[in-house]
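J.: Requesting a structural model of the entry that follows:
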Amino acid sequence: MKDLPNFIRRPEIRIESKPLAGSDISVLLGIPGSGLVGSIALSYMMDQLKFDQIGGVIHEDFPPFAMMQNGVINTPMRIYQKENFAAVVADFPLHPALCYWLAKDLLDWLSQFSVKEVVSIAGIVTNEPEKRVFGVATTTEVLERIKESTLILPMGSISGIPASILSECKIRNIPGIGLLGETINAPDPRAAAAAITVLNKIYGLNLDTGPLIEQATEIEAAMHRISEEIQTTDVLQKKEQLPMYG
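T.: Numbers count the residues shown, from 1 in each chain. Okay, here's the model as predicted:
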């Protein structure tokens, strides 16, 4: 059989993992996007609660990229679990063409287990200072769980992997929640801390966001220094370009 053109070719997605253990599991997703909000928030949560890695996801169209630590490499997308929480995290943003197939195959795999809900944590760029968290859900009943701790927008849209995941949850009648942290288009631990605060309220956790706020302060100070250096360089370059008379 002749190879199919790329635009209709079915991507090969492999999920190699131990089964999710237990029942009523809340599955949290943090895929790099605006402000890296989901990635930072979930990485922090997993570090604080000591999640165990149980598997990984491989895709033929993932970039040829793998993180390593102390000489040991890891898969670019991984699955973790701690008691009745599971987490799916990645080290790179997903190309839009991959979002549908990944959402479908991931939900196919999750459907084998006792999943209570799927929560996608991401960022939404507003360039406002408040660091609010906007909430969306697959049904009005699910929305009730988050309406006291998030800002519910009357109208709008989401895109990327959060949209694909929540759409897949919608058609499968799996409760789905989207937490969108207000962010700038740069790594934003402060927005991630706001998302963690919402998770604390939803799940009765007691995660301290202090270290994330400290990290945000350090990043903001570094960005301020870089900005000042750029401005100084720009002024010097303009002076050098002034015409000489006499």
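J.: Please give me every residue in contact with the spatially closest residue to F134 that is not a sequence neighbour.
T.: Leaving out its chain neighbours, the residue that sits closest to F134 by Cβ to Cβ, 6 or more residues apart in numbering is L180, at 4.3 Å. To be clear about C-beta, it is placed using only N, CA and C from the backbone, and glycine gets the same treatment. Counting by Cβ atoms under 8 Å, 6 or more residues apart in numbering, L180 touches V37, A122, G123, I124, V133, F134, G135, V136, I158, P162.
J.: Dump these to CSV, plus distance to A86, pLDDT and secondary structure.
T.: Below are the contacts of L180 laid out as CSV (distance: Cβ to Cβ, whole Å; pLDDT from 0 to 100; DSSP: H, G, I helix; E, B strand; the rest coil):
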residue, distance to A86, pLDDT, secondary structure
V37, 19, 92, helix
A122, 17, 95, strand
G123, 21, 93, strand
I124, 24, 92, strand
V133, 21, 96, strand
F134, 24, 96, strand
G135, 21, 96, strand
V136, 21, 96, strand
I158, 22, 88, coil
P162, 17, 94, helix
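J.: hang on, the earlier thing: and the residue nearest to F134, how far is that from L207?
T.: In this structure, L180 lies at 19 Å from L207, with Cβ to Cβ, to the nearest Å as the measure.
J.: again, but for I121
T.: Separation of I121 from L207 (Cβ to Cβ): 13 Å.
J.: and those two? which has more neighbours close in?
T.: Neighbours of I121 and L207, each counted by other Cβ atoms under 10 Å, are more numerous for I121; the result is 30 against 18.
J.: For that one, name its beta-bridge partners.
T.: Counting by DSSP bridges, I121 is bridged to L179.
J.: hang on, it packs against L28?
T.: Yes: with contact defined as Cβ atoms under 8 Å, I121 and L28 form a contacting pair (6.5 Å).
J.: shared neighbours, the two?
T.: Taking Cβ under 8 Å, 6+ apart as the contact rule, I121 and L28 both touch L42.
J.: just the helices in this structure please.
T.: Using DSSP state H, the helices of the chain run over 37-49, 96-110, 140-143, 160-172, 189-203, 210-240.
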